[in-house]
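A.B. asks: would you be able to build a 3D model of this:
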Amino acid sequence: MEIAAYPARTLIGVSLAAALSLYAALDFYGEQMERNKVARDPYQIANQEKRFEPLKNELPRGEMVGYVSDVPVESAIILSAQYALAPLMLVVSPPHGWVIGNFSKPLNYAEFGSARGLTLVKEFPNGVVLYRKPTQ
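C.D. replies: Modelled structure (predicted):
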């Protein structure tokens, strides 16, 4: 086996590129650690998992369920609910079946649901509600 000999300039250039890459990675890691100390969980994912835990135990795993909220569906709140409820699949307009209500403030959940053709099944703490949508 023949050993390749590279010019000194090439070895210096590759070494410099490797050193700068390592420095950048360590610098990024240090900055990210500082950011994590300031904003540990900006989307409150851990709190969402605690909120939805009792509801998650009531539903069959891996099923597709509906989703309603008093907050516009375009917001990140549905993504945090989807993460907390995985492997359940959330859909905004289900044809029938279970529907999860995720509310940011107290309100009359039965009235909210009946206005959307939903029957209130169970209220959980912290604005989490389980509805049932009858088959058409």
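
A.B. asks: which helices and strands does the longest helix seen in the chain pack with?
C.D. replies: Determined from DSSP state H, the single longest helix within the chain is helix 8-38. Using 3 or more Cβ pairs under 8 Å, 6 or more residues apart in numbering; DSSP states H and E as the contact test, no helix or strand touches helix 8-38. In this view, the C-beta of every residue, glycine as well, is placed from N, C-alpha and C.

A.B. asks: so how far is the helix or strand following that helix from its chain's centroid?
C.D. replies: Past helix 8-38, further along toward the C-terminus, the next helix or strand under DSSP states H and E is helix 45-56. Here helix 45-56 is found 11 Å from its chain centre; the criterion is Cα atoms, centre = their mean, to the nearest Å.

A.B. asks: now stretch 70-90
C.D. replies: 7 Å.

A.B. asks: endpoints of that stretch, how far apart?
C.D. replies: When the termini of stretch 70-90 are compared using Cα to Cα, to the nearest Å, they are 16 Å apart.
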